[in-house]
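Undergrad: Sequence and predicted model, in that order:
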2 protein chains.
Amino acid sequence: MNAEPLLAPADSNYAAEHPNAFAVVMAGGSGTRLWPLSRRHLPKQFLDFFGDGTMICKTVERLKGLVRDENIIIVTNASGRKLVRKQLPQIPRKNIIVEPVGRNTAPCVALATAFIKKRNPNGVMCVLPADHVIQNVARFQETLKAAIEVAEKTFALVTIGMKPTRPETGYGYIQINGGDPELITSIKVRFGVNAHKVKTFAEKPDIETAQRFLESGDFLWNSGVFVWHVDAISREFERSMPQLFLDMKTIQEAVGTRAEKKTIENVYSWTHSISIDYGVMEKAESVYVLEGDFDWSDAGSWDEIMKFRNHDLEREENRNLFLHDSPNTLVYKPKHKTIAVIGIEDAIIVETADALLVCKRGRSQDVKNIVDALKRKEMEEYI
Amino acid sequence: MNAEPLLAPADSNYAAEHPNAFAVVMAGGSGTRLWPLSRRHLPKQFLDFFGDGTMICKTVERLKGLVRDENIIIVTNASGRKLVRKQLPQIPRKNIIVEPVGRNTAPCVALATAFIKKRNPNGVMCVLPADHVIQNVARFQETLKAAIEVAEKTFALVTIGMKPTRPETGYGYIQINGGDPELITSIKVRFGVNAHKVKTFAEKPDIETAQRFLESGDFLWNSGVFVWHVDAISREFERSMPQLFLDMKTIQEAVGTRAEKKTIENVYSWTHSISIDYGVMEKAESVYVLEGDFDWSDAGSWDEIMKFRNHDLEREENRNLFLHDSPNTLVYKPKHKTIAVIGIEDAIIVETADALLVCKRGRSQDVKNIVDALKRKEMEEYI
């Protein structure tokens, strides 16, 4: 099962045979951790870090053959809407849902659920962040197919977990604990994917706890990818977030009517900002986690981004990049800028038209302090 | 004698009382050691590194009250001529001499000597590089006044030496050796300046030799500032560079005639590229050196330039410069560029519109390797 081609087969019939499969791409984020490239009105999901397409384009591309374009829903904000239209012209206009304000992932999921239920009461939703790095698309698709099957068969919530490779303190963790042996075997045999029942979700740990999680062998990283039947997530909203459940029903009724926009605005004016992990997943009784064996990163810092860049290729392609005696120094630059680095090791250099970041590797989490300083100084044009 | 004001008195009568005093500002250099700011067609003498005027403007400003504007000669090249006209509008057009090609300092001095002799056979010339940093203008002027007096009284060649403060391997050295006690005392009493006869000139030493020079106490750095009577330097040209002496006489005859330009072009087509130090000074019998007690640097690298910048003031003035955990890191940047540095110590960062240099302090001599690489790749637009 480990000899799949690196790219998904374009002729796959899966999408055609699974009209109930939906994808919800969450593209409302406006993080600043990849400043100076990412900006308030150009967040990282709309940026191309590797020269092969923006993150949201690649997120949608990875769904090719798995989910039909008309079943791909993008949730974004007002300024993101234009970028989605431009970068993803193949996505139908009515599939782009605009949140009036950001309220974290729980209301976002509820909103998307309302839309999908209205269209297909048997919909199975794959919820995907628009701004993660995933390599090995074939394995990614197999994992999602397995997740869709588990979601349909068990009506459990399903999440994708990643085998931890280091005591990372920037991710949430998922503790595994058995599960239905027959189901687990079937998923392993048919998709080559390890499935487990979830025991608990753990928030971002301190370094000692992360080390313990890593050594125990029964924790996975929470990748933020979820799969469930619309009825399953509705049931959990009703149980754990009853107000949001009612709001979701109100929105569902309004979808496609003249009241749609106003109804969403009303709900977002009072709904709380809360994550789907905290609001629903941690309280749900039946959650399965499937182990993703593709390369994955939340691309949450320049250190993370730089891990996935092909530096040899970049040096070849950038004849005006000079790295002299500067081992492990990585540069992201506009094509026509000439950059020379002399005697600076283990650094990350990010150049844009109006800003420059020079950062020691391993320190890129401090970029947020720079953005905070810009905010304090009200230097809006640089944020 | 050490309590002079930091700026030269503007009401000095010295210049008016010394119509024989001339200055020759050598502005033909086209170094690349301050890349990416200095470029082939915008060498460092025409750049403003400290926010208070370009180096050539400050070189001429330092002569205020000492040499009359009409006695200030600028020697430059074709592309430098426009810059001189723009940056120094007070200098008469006829005082700007254009070298057809660069041939190092000996032909440059001969050319300037020809012009000055034609105008004033009793001229005393102060030869000054256009691209050095000098602080404490009052002491600088006192030293030049003393040098002019020594040059007039002795008909010796006079040079300004700097007390070495470190075993610098990038400068030439001058060994001192006595001199006329009466003259030395008079110069000390009247100008507060130490004068010595020169024993030998030493080329740029290796580090061990430099250390020995420093410890011996009888070596000074060769600052490249010279003072002499036109007849004294003519005599030395005749003795040590007889062909250049003849060429100089030819040029002198042509100055002010229709043949001037053509004659200079002819001479420069055959004259050798040789420095005044090597061609004349090292062979001259009677050379005095006066100790400059002002701050001086040849500004030959970014490390040198950065020593003279007021970094506290810069941080205050650059509200869009963020140095986070980056001690001893210095930044030269355009006003509107936002730059953030995180965890990078002892670095020099120089940003321009089309290029960026990030260089460890102490490594800025390697900048020339970058420029060499640009030349090899024929990337002329960046040189």
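TA: Nice, thanks for sending it over.

Undergrad: quick one: the top helix by length along chain A to chain centroid distance?
TA: Criterion DSSP state H: the longest helix present in chain A is helix A:137-154. Averaging C-alpha positions (CA atoms, centre = their mean, to the nearest Å) puts helix A:137-154 16 Å from its chain's average.

Undergrad: so residue A:106 touches residue A:240, yeah?
TA: No: taking contacts as CB atoms under 8 Å, residue A:106 lies outside contact range of residue A:240: 9.2 Å. The way it works is simple: take the backbone N, C-alpha and C, and place the C-beta from them, glycine included.

Undergrad: thinking again about what came up before, let me know the next secondary structure element after the longest helix of chain A.
TA: Sequence order places strand A:157-162 as the next helix or strand after helix A:137-154, per DSSP states H and E.

Undergrad: quick one: strands adjacent to that next one?
TA: Strand pairing for strand A:157-162, determined by DSSP bridges: strand A:219-229 (antiparallel), strand A:287-292 (parallel).

Undergrad: Near chain B, which residues of the stretch 201-350 of chain A? Just list them.
TA: Within the stretch 201-350 of chain A, the positions near chain B by CB under 8 Å from any CB of the partner chain are A:319-320, A:322, A:324-325, A:333, A:336-344, A:347, A:349.

Undergrad: Among the residues you listed, which are located in strands?
TA: Members of these lying in strands (criterion: DSSP state E): A:322, A:324, A:338, A:339, A:340, A:341, A:342, A:347, A:349.

Undergrad: The first one: what's it in contact with?
TA: The one in question is residue A:322. Residues near residue A:322 by CB atoms under 8 Å, 6 or more residues apart in numbering or on different chains: A:338, A:339, A:340, A:341, B:370, B:373.

Undergrad: How many residues are close by the second one?
TA: Spelled out, that is residue A:339. Close neighbours of residue A:339, defined as other CB atoms under 10 Å in any protein chain shown, add up to 23.

Undergrad: That one bridge partners, please.
TA: Beta-bridge partners of residue A:339, as defined by DSSP bridges: residue A:321, residue B:356.

Undergrad: that older thread, what comes up buried for the longest helix of chain A?
TA: A:137-152, A:154 (16 or more other CB atoms under 10 Å in any protein chain shown).

Undergrad: Chain neighbours aside, what residue packs nearest to the closest residue to chain B within the stretch 201-350 of chain A?
TA: Scanning the stretch 201-350 of chain A for the residue nearest chain B gives residue A:343, at 3.3 Å (criterion: CB to the nearest CB). Take residue A:343 and drop its neighbours on the chain: the residue closest to it by CB to CB, 6 or more residues apart in numbering or on different chains is residue B:360, 3.3 Å away.

Undergrad: sorry, back to before: tally of neighbours for the residue of the stretch 201-350 of chain A closest to chain B?
TA: Residue A:343: 18 neighbours (other CB under 10 Å).

Undergrad: which ones are touching it?
TA: Going by CB under 8 Å, 6+ apart, residue A:343 touches A:324, A:325, A:326, B:359, B:360, B:363, B:366.

Undergrad: hmm, 10 Å instead?
TA: Taking CB atoms under 10 Å, 6 or more residues apart in numbering or on different chains, we find residue A:343 in contact with A:324-326, A:329, B:346-347, B:358-364, B:366.

Undergrad: Distance to residue B:288 and neighbour count for those - can I get that in CSV?
TA: Putting the contacts of residue A:343 into CSV (distance: CB to CB, whole Å; neighbours: other CB atoms under 10 Å in any protein chain shown) gives the following:
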residue, distance to residue B:288, neighbour count
A:324, 43, 17
A:325, 44, 14
A:326, 47, 21
A:329, 51, 22
B:346, 40, 16
B:347, 42, 23
B:358, 45, 28
B:359, 39, 27
B:360, 40, 21
B:361, 37, 16
B:362, 35, 12
B:363, 37, 19
B:364, 34, 24
B:366, 37, 17
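
Undergrad: from those residues, which is closest to residue B:54?
TA: residue B:364 (20.4 Å; CB to CB).

Undergrad: Quick one: name the residues of the stretch 1-150 of chain A near chain B.
TA: Counting by CB under 10 Å from any CB of the partner chain, the residues of the stretch 1-150 of chain A close to chain B are A:35, A:36.

Undergrad: for the stretch 1-150 of chain A, which spans come out with low pLDDT?
TA: Applying pLDDT under 70 to the stretch 1-150 of chain A picks out residues A:1-12.

Undergrad: Closest approach to chain B from it, which residue is it?
TA: Closest point on the stretch 1-150 of chain A to chain B, by CB to the nearest CB, is residue A:36, at 7.1 Å.
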